[in-house]
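K.L.:
Structure here, sequence nowhere to be found:
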């Protein structure tokens, strides 16, 4: 069995320091701020990003350049026989399709996983890939398991402001204006490859209640079999507002007694489109090697 390297991108929320601890490679996502290139977690910190966002500077997301991706793969293949590459969901970025196209030139040595994950659920996929690798699975087998379980995750997010959804064209200016006046807080969901509306509520406190109830429903119905077997992980994420996120984590701990809840910052690619102050609850099925 050949040695298998695990690669992901910074959309997973895995920092460069954590990547070193885990023994994985993380490709930083590129951002343009006032037309200058920054790399997430390398030349752009979470704190600096939110400061620039608050100042209403021009920020846009991009995808890693093919030369950067292939350069990393080529370096890794000097020490490893195969690579499992886990990018963010193909439904949310073109970087997955780009990587899949590049991998065709590598004669099966690079397996690109499209299991439609982002942020904390993508991070869990990386941990799952390590579990499978350590159990002796090769790159193709790891990809197959992760893709077989791609539907076994769920994310709900609520926002502080509609401004960034308006900028991205996801809500009209008129709807955003009405929402602001009425203090409407949307709850968005990611079920698979798309970011969709789930509900609208008056106020963030009510939005959080809606998210908790939605996750409880998933937990007790959609994922009941996996919960019973101890295979579901609960996660939460936030966009710069750690104090609020820690309070929400306490609410989740009360709603899901005995469950460990992993709390991480949202990746900046997500935060760029929803703004400061978002909180999310997520779950994903953990791979169990039998």
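P.N.:
Great, that's in hand. Source: prediction; values computed, not measured.

K.L.:
What ranges does this structure have for its strands?
P.N.:
Ranges of strands within the chain are 4-9, 25-27, 30-33, 36-39, 59-61, 82-86, 110-112, 153-158, 184-190, 195-202, 232-238, 261-265, 279-285, based on DSSP state E.

K.L.:
looking at these, which is closest to residue 135?
P.N.:
strand 4-9 (11.1 Å; Cβ to Cβ). For every residue, glycine as well, the C-beta is placed using N, CA and C.

K.L.:
Can you tell me what sits against that closest one?
P.N.:
Strand 4-9 is touched from outside by 14, 23-29, 64, 72-73, 76, 79-88, 95, 122-123, 125-126, 129-130, 133, 137-139, 142, with contacts defined as Cβ atoms under 8 Å, 6 or more residues apart in numbering.

K.L.:
where does the stretch 101-250 of the chain have low pLDDT?
P.N.:
162, 164-182 (pLDDT under 70).

K.L.:
all helices of it, in order?
P.N.:
In the stretch 101-250 of the chain, the helices defined using DSSP state H, counting those that start in this stretch lie at 120-134, 139-148, 163-167, 173-181, 204-217, 224-228, 242-255.

K.L.:
List the buried residues of the longest one.
P.N.:
Neighbour counts using 16 or more other Cβ atoms under 10 Å place 120-133 of helix 120-134 among the buried residues.

K.L.:
quick one: residue 191 and residue 154 touch, right?
P.N.:
Yes - Residue 191 is within contact range of residue 154, at 6.1 Å (criterion: Cβ atoms under 8 Å).

K.L.:
Next, the contact list for the spatially most central residue of the chain, please.
P.N.:
Ranked by distance to the mean C-alpha position of the chain (Cα atoms, centre = their mean), the top residue is residue 119 at 1.5 Å. By Cβ under 8 Å, 6+ apart, the residues touching residue 119 are 11-13, 155, 237, 264, 266-267, 270, 280, 282.

K.L.:
Mind checking which of those are buried?
P.N.:
11-13, 155, 237, 264, 266-267, 270, 280, 282.

K.L.:
of residue 191 and residue 154, who's got more company?
P.N.:
With neighbours defined as other Cβ atoms under 10 Å, residue 191 and residue 154 compare such that residue 154 has more, 23 against 16.

K.L.:
Skip the chain neighbours and tell me the closest residue to the more buried one.
P.N.:
residue 218 (4.9 Å; Cβ to Cβ, 6 or more residues apart in numbering).

K.L.:
count of neighbours near the one you found?
P.N.:
For residue 218, using other Cβ under 10 Å, the count is 20.

K.L.:
please renumber so the chain begins at 806
P.N.:
Yep, numbering from 806; the last one is residue 1023 now.

K.L.:
What distance do you get for it to residue 922?
P.N.:
Separation of residue 1023 from residue 922 (Cβ to Cβ, to the nearest Å) stands at 16 Å.

K.L.:
before we move on, the earlier item: hang on, isn't the residue nearest to residue 959 packed against residue 1087?
P.N.:
No - assessed by Cβ under 8 Å, residue 1023 is found out of contact with residue 1087, at 10.1 Å.

K.L.:
Pull the contacting residues for the closest residue to residue 1072 other than its chain neighbours.
P.N.:
What sits nearest to residue 1072 in space, not counting adjacent residues and going by Cβ to Cβ, 6+ apart, is residue 816, at 4.4 Å. By Cβ under 8 Å, 6+ apart, the residues touching residue 816 are 834, 892-893, 898, 923-924, 927, 1072, 1074-1075.

K.L.:
try residue 1016
P.N.:
961-963, 992, 1084-1086.

K.L.:
run the last query once more with 7 Å
P.N.:
961, 963, 992, 1086 (Cβ atoms under 7 Å, 6 or more residues apart in numbering).

K.L.:
swap in residue 914?
P.N.:
Residue 914 touches 882, 887-888, counting by Cβ under 7 Å, 6+ apart.
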